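S.K.: A predicted structure for the sequence below; I have some questions about it.
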Amino acid sequence: MLDPKYIRDNLEAVKHNILKRGVKADATLVIDLYNSRNKLQFEIDTLRNDRNENASKMKQKLPEGERAVLIEEGKNIKVKVAELEEKIKEIELKYTEEAMKIPNMTDSSCPVGGEADSVELRKEGVIRNFSFKPKDHVELGDILDVIDFDSGANVSGQKFYYLKNEGALLELALINFGMQYMTKKGFTPYLTPDIAKASILEGIGFNPRGSETNIYSIENTDQCLVGTAEITLGGIYRDTIIDESALPVKMAGFSHCFRTEAGASGQATKGLYRVHQFSKVEMFVICTPSESEKMLETLREIEEEIYKALGIPYRVLNIATGDLGNPAYKKYDLEAWMPGRGCYGEITSTSNCTDFQARRLNTRIKDKAGNKNIAHMLNGTVIAVPRVIISILENYQNEDGTVDIPEILVPFTGFSKITRKK
RNA sequence: GGAGAGCUGUCUGAGUGGUUGAAAGAGGCGGUCUUGAAAACCGUUGUGGUCGCGAGGCUACCUGGGGUUCGAAUCCCUAGCUCUCCGCCA
């Protein structure tokens, strides 16, 4: 959510930004609603002032006649206040609805356009030149007996899966590797709830309900299954004032992630690439406005270090405005080389959300002088387990169908090779 | 799940329906004293919204929501959370 005063004072820039992102939002309408709300608020406050003055006249003993007059007057004011309060409630509802549609501003370094306009900054790692026809992870998962899609579909539904044998251990190893790695980087490790309140989801910038939602909600409650630990990590700091000396707050959280992925199916999303439930280690940072730009680069560097360490070739993308997602001011994706698809596929994503989430969550910073400021928030993927498994299986496969484990993971897996079962 | 107790400002903790934005203490900040510190003493010390160029004004906030009333921290209803006891349970 943007600051309404900012929208009012920078209306043209906000409108231009909405165009750049290709979203539907009406900044003028938001400001109109904001102004009428303020006008009403002023009227209500004035009436309340009258009411308070009227009431305080009755503190002392009064002749019955005088008191009756004042009570009558109080009753009149009461009715008027109630009317206006009804009106302002309506306007505020509409205002919030419209204001939520306005996306964050965008960094000038972001390429303008849609998904295809994201800019590849560079490639890292060497893409293997296979002397045989590489298999995709679905086939490898089958012959190695590490992924069971059929049982997933039977027991839970389409796009669910079981990891078994070395596959199960590999997930645990990856999570542990990621958590240990982040702890060494000075992040506080967290295991987080997989359920959060809808209001928290909204604060982070998710749409928990409606036709566009990617979120499972729990019937007859105001709770949802989380789509990422970003929600529960950021939520910790709702309605919180953080002392500047405690910044930056750096957290690394594990959670399961649940996504409805309505309408997303087809070849491009075969196998583990897009599923309804997966495990993920996520990083989340709260810092001062002056630090956030640099912090985004730090998060990107951490992600790059990890995928270099895992020996997975990747490229770095500076994401275009149209593909940013409402809260993000700037975003980098890492895309891993996936031989089974014969192309790069998103494996991490890190965003600087500036004050967009913190404003809704009411997360503020208090500096030495006691001044309060909205905090900046950033997030980034450490390990999105299924996509890392895809990358490892496909990049580390041997001609006989076995798969080597990246050396750095061996202390976590306890084995260095996945053997063939079929 | 059942029974009970509670939720007040940074913290502890008062608060008869009408000078209560809220006593008192602690803490914080500023100052006096001191070579320095402590102690003592003095002063100061919440947040949001809105109006105003400004000084400042108005308004709201005693867990959230609703109600009663001319007037609610105070009465009623409701939700949440915390604590104690019981039951169940990995």
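M.R.: Looks like it arrived, so ask away.

S.K.: residue in the stretch 51-200 of chain A nearest to RNA strand B?
M.R.: Here the stretch 51-200 of chain A gets closest to RNA strand B at one residue, residue A:74, 2.2 Å apart by Cβ to the nearest atom of the strand. For every residue, glycine as well, the C-beta is placed using N, CA and C.

S.K.: Enumerate every residue touching that residue.
M.R.: Going by Cβ atoms under 8 Å, 6 or more residues apart in numbering, residue A:74 touches A:51, A:54-55.

S.K.: Within range of RNA strand B, give me the residues from chain A.
M.R.: By Cβ under 7 Å from any atom of the strand, the part of chain A that sits against RNA strand B consists of A:4-5, A:38-39, A:41-42, A:44-46, A:48-49, A:51-56, A:58-59, A:70-71, A:74-75, A:77-78, A:364, A:370, A:372.

S.K.: Using CSV, write down the CA coordinates of stretch A:308-318.
M.R.: Provided in CSV are the C-alpha atoms of stretch A:308-318 (Å, rounded to 0.1, in the frame of the first residue of the first chain):
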residue,chain,number,x,y,z
LYS,A,308,27.4,-21.8,-7.2
ALA,A,309,28.1,-24.0,-4.1
LEU,A,310,25.6,-26.5,-5.4
GLY,A,311,27.2,-26.4,-8.8
ILE,A,312,24.0,-25.6,-10.6
PRO,A,313,24.3,-23.3,-13.7
TYR,A,314,22.0,-20.3,-13.5
ARG,A,315,21.4,-16.9,-14.9
VAL,A,316,20.4,-13.7,-13.2
LEU,A,317,17.4,-11.7,-14.3
ASN,A,318,16.4,-8.2,-13.5
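
S.K.: Quick one: distance of that stretch to the chain centre.
M.R.: Relative to the centre of its chain, stretch A:308-318 is centred 22 Å away, using Cα atoms, centre = their mean, to the nearest Å.

S.K.: And for that stretch, what's in contact with it?
M.R.: Residues contacting stretch A:308-318 (Cβ under 8 Å, 6+ apart): A:109-111, A:118-128, A:300, A:304, A:307, A:330-337, A:344, A:347, A:388, A:391-392, A:395-396, A:406-409.

S.K.: buried sites along stretch A:247-264?
M.R.: Residues of stretch A:247-264 classed as buried by neighbour count (16 or more other Cβ atoms under 10 Å): A:247-259.

S.K.: likewise stretch A:6-18?
M.R.: Buried residues in stretch A:6-18 (16+ other Cβ under 10 Å): A:7, A:10, A:14-15, A:17-18.

S.K.: Could you do stretch A:409-419 as well?
M.R.: A:409, A:412-413, A:418.

S.K.: quick one on the thing from earlier: in helices, which of the contacts of residue A:74 appear?
M.R.: Assigned to helices by DSSP state H, the following of the contacts of residue A:74 qualify: A:51, A:54-55.

S.K.: so which of those comes closest to residue A:23?
M.R.: Among those, residue A:51 lies closest to residue A:23 (Cβ to Cβ), at 42.9 Å.

S.K.: one step back: pLDDT and neighbour count added to the ones in helices among the contacts of residue A:74, as TSV?
M.R.: Listed next are the ones in helices among the contacts of residue A:74 as TSV, based on pLDDT from 0 to 100; neighbours: other Cβ atoms under 10 Å:
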residue	pLDDT	neighbour count
A:51	89	17
A:54	87	17
A:55	86	14
